[in-house]
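> model this:
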Amino acid sequence: MSQYLGPEKCLEKKKKYIMPCLGHFFANPPQFVKGEMQYLYDHEGKKYLDCFAGVSVINCGHCNPEITQKVAKQVQTLQHVCNIYLTEDIYNLAEKLAQVTPGRLQKSFFCSTGTEANEGALLLANIYNGKSELLALRNGLHGRTKLTMNLTGIGMWRTDPNPVGGIHFAPNPYCYRCPMDKKFPECDYACANAVEDIISYATSGNVSAMICETIQGNAGIVVPPKGYFKRLKEILEKHNILLIIDEVQTGFARTGKMFAIENYDVEPDIMTMAKALGNGAPISCFISRSEIADKYTRPGASTLGGNPVSSTAGIAVLDYIEEHNLVEKARVRGKQLKDGLIALQEKYPFIGDVRGLGLMVGAELINPDKSPAPDKLEFVVETMKDRGFLIGKNGIARNVLAFQPPLVISEENINDLLNNLDDVMSQVK
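Residues are numbered from 1 along each chain as shown. Okay, here's the model as predicted:
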């Protein structure tokens, strides 16, 4: 007799005790009970190649022994005293982040979730310049609290019945389905230029900051063209508006750079991070230049933010990324994956677009008229799951296959993934 509940009883308890807003991916979801680097195992011992990494969290692999041993030792030594007391690793981690983040970003505030980091970054911007209005991108996703939910430009996640005012949305740089019906590069970054118009006609001129994901994950791995952020930063600087870059999904070697914004040669004023920083441990952070950060002087603490266990995990993650050269691995394996998907695109016309940086790659599935094809995606994701491959699903219409695997994934793993995808896609109707 199994020692585990099993999927059916898990779902029974979920229905009875968990709020119904929490969904799950699969029609017949497995119950996962074990993780081992790029693999997950269900309650019956079946092995799966994880191609989503807990939504871009497990960059260094599930239960990575080099990280887990350090975390376990810390749990047995000192687990919690709150960051109002002196411990060592929170400062060592902050020092390391100042060294690996782009530009002049230097001073950190630690918290527990990406939502909390984004909320803190927005507060810091307001404190710094005394302004209150905010800009965001359509189809962005920044969290589930009152403010971050209202800065989210995806209708399905905006469940607040009383939206916050003073927030304005700009067209997102979604070249495959341009919201302005233009073509790149002839458009001359029209979506970025639109921010200038929005500032002039939709705001009172009291804009504090603009928040953007470097790559819009939930929107369908939407990757801005190369010069987009430079144009955007020029416009924002002209109006003394801060640029907050949300690296919650894209940080820590995911895109072939330590942070995705480094692909665009732009320095954020404030940057947020979470997810992969702890490799499963709950930790997040917002970081800024000294002249901005130093305005935050009134009391502010986070009960669990930067606790000894999470800080130990963060340091171990940064050490592992460096020692095992995960930035380069993400670039090489990402190219292999993207090239393989492009080859499949030539074979299967329902793959409308393949896009991504490093090991953050999306394949958008479409109908012959280019309309989204979520039914095709559901078939592919479910069938691949049954074969032992866990692929994410993203996009406003949930028609984008999302590949964000642990960065320790091997060349053989990706070949196996692509071969199985080829076979499954040949069955798509």
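
> okay, which residue is most central for the chain?
residue 249 (1.6 Å; CA atoms, centre = their mean).

> Look up how far residue 380 lies from residue 138.
For residue 138, the distance to residue 380 (CB to CB, to the nearest Å) stands at 26 Å. The way it works is simple: take the backbone N, C-alpha and C, and place the C-beta from them, glycine included.

> between those two, who's got more neighbours?
Neighbours were counted for residue 138 and for residue 380 using other CB atoms under 10 Å; residue 380 has more, 23 against 18.

> residue contacts, that one?
Residue 380 sits next to 365, 391, 401, 421, 424, 425, 428 when contact means CB atoms under 8 Å, 6 or more residues apart in numbering.

> I'd like those residues as TSV, with distance to residue 202 appended.
Shown next, in TSV, are those (distance: CB to CB, whole Å):
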residue	distance to residue 202
365	34
391	38
401	35
421	43
424	45
425	43
428	42
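
> So residue 174 is in contact with residue 221, correct?
No: assessed by CB atoms under 8 Å, residue 174 is found out of contact with residue 221, at 10.4 Å.

> higher neighbour count, those two?
Neighbours per residue, other CB under 10 Å: of residue 174 and residue 221, the larger number sits with residue 221, 27 against 22.

> any idea which helix or strand carries the nearest residue to the more buried one once chain neighbours are set aside?
Computed as CB to CB, 6 or more residues apart in numbering, the closest residue to residue 221 that is not its neighbour in sequence is residue 362, at 2.8 Å. Following DSSP states H and E, one finds residue 362 within strand 360-365.

> just checking, what packs against that strand?
helix 326-347, strand 351-357, helix 374-386, strand 400-403 (3 or more CB pairs under 8 Å, 6 or more residues apart in numbering; DSSP states H and E).

> what's the most buried one of the ones you listed?
Between the helices and strands packed on strand 360-365, strand 400-403 has the highest mean count of neighbours, a mean of 26, where neighbours are mean count of other CB atoms under 10 Å.

> ok, then the element right after that strand?
helix 411-425.

> Next, the buried residues of that following helix.
By neighbour count on 16 or more other CB atoms under 10 Å, the buried set for helix 411-425 is 413, 414, 417, 418, 420, 421, 424, 425.

> Show residues contacting that helix.
38, 49, 51, 333, 336-337, 340-341, 344, 347-348, 350-351, 379-380, 383-384, 387, 389, 405.

> for the stretch 201-350 of the chain, what spans make up the strands?
In the stretch 201-350 of the chain, the strands defined using DSSP state E, counting those that start in this stretch lie at 207-213, 242-246, 270-273, 284-288.
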